[in-house]
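the following block contains a protein sequence and its predicted model.
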Amino acid sequence: MSQATPTAAPLTVVLVHGAFADASSWTGVIERLQAGGVQVTAPANPLRGISIDSAYIASVFDQIPGPVLAVGHSYGGAVITNAATKARNVVGLVYVAAFAPDEGERLSDAESTSKDSVLSTALVPLQYPTGQGAETAVEFAVNLAHFHDAFAADLPAEQAAVMAATQRPAADLAFSEPYGVPAWKTLPAWAVVATGDKAAGSDVIRSMAQRAGATITEVEGSHVIMISQPQAVTDVILRAVAAVG
């Protein structure tokens, strides 16, 4: 009596959000991927520093039974760049207005070279407890008064105000900690460059995507291009799914 051949686990798209955001920023993309029958998940990125965040996201990848297409927005791109080297099932990378750092780089240094980014002037330093007695560390949030212009200029002001009020601050370590070996050296990559990105900076994002050898799609819009142009972002993800599937 023959046994049925087990069906291989399907590919899962893992959407990793960036700083000053949460997984709900992927809602429009998730809806479109699910409508197309694509398996998708959007975990919470801790935003505590690259070593912590990449280890956590790598654990998410590892617990998915089939292949993973890792998609990152903004700082989430830096996280997947490092996390994918720690997981054996990642088959491709998609950068959405996202950083793709090289080994030893710090985002603070990369951002300092941008002529398009205004984010450094919009950040507010805060303190958070480290859990080590009374010790605290620095985290950053976007000034509410500058959030719309710096982060989400192509969204209605009312929508940007809600995002500003619900933003998640990112630890200084996300920007100052050096990055490890990048997964884009061994994995195929795609990138969406938002031409009006004043947060990460269109120039920095484009340059990093070119260096990573990514297939680049330029889309008119702000840093939160996955919210303002979810179909355009979904289309790039679907092309990546088709290429690695």
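Sure, I can see it.

just the helices in this structure please.
For the chain, applying DSSP state H gives helices covering 27-35, 50-62, 75-83, 107-112, 147-151, 157-165, 173-176, 202-211, 225-228, 230-244.

nearest to Gly92, out of those helices?
Gly92 lies closest to helix 230-244 among these, at 4.3 Å (CB to CB). No exception for glycine: its C-beta is placed from N, CA and C like everyone else's.

could you check the angle helix 27-35 makes with that closest one?
Angle, helix 230-244 to helix 27-35, by axes from the mean of the first three to the mean of the last three CA atoms, to 10 degrees: 50 degrees.

change the start of the numbering to 147 and stick with it
Sounds good: first residue 147 from here, last item helix 376-390.

who are the packing partners of helix 376-390?
Helix 376-390 sits against helix 173-181, strand 214-219, strand 236-242, strand 335-340, strand 361-365, helix 371-374, with contacts defined as 3 or more CB pairs under 8 Å, 6 or more residues apart in numbering; DSSP states H and E.

how about a cut-off of 6 Å?
Counting contacts by 3 or more CB pairs under 6 Å, 6 or more residues apart in numbering; DSSP states H and E, helix 376-390 packs against helix 173-181, strand 236-242, strand 335-340.

need these in a markdown table (columns: mean pLDDT, mean neighbour count and distance to Ala358).
Putting the helices and strands packed on helix 376-390 into a markdown table (pLDDT from 0 to 100; neighbours: other CB atoms under 10 Å; distance: least, CB to CB, whole Å) gives the following:
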| stretch | mean pLDDT | mean neighbour count | distance to Ala358 |
| --- | --- | --- | --- |
| helix 173-181 | 98 | 17 | 21 |
| strand 236-242 | 98 | 27 | 7 |
| strand 335-340 | 98 | 26 | 5 |
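
in a markdown table, list the ones you listed along with distance to Ala311.
Putting the helices and strands packed on helix 376-390 into a markdown table (distance: least, CB to CB, whole Å) gives the following:
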| stretch | distance to Ala311 |
| --- | --- |
| helix 173-181 | 17 |
| strand 236-242 | 23 |
| strand 335-340 | 23 |
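
with adjacent residues omitted, what lies nearest to Arg178?
Nearest in space to Arg178, with sequence neighbours left out and distances taken as CB to CB, 6 or more residues apart in numbering, is Thr380 at 4.2 Å.

sorry, back to before: closest one to Pro302 among the helices and strands packed on helix 376-390?
helix 173-181 (14.3 Å).
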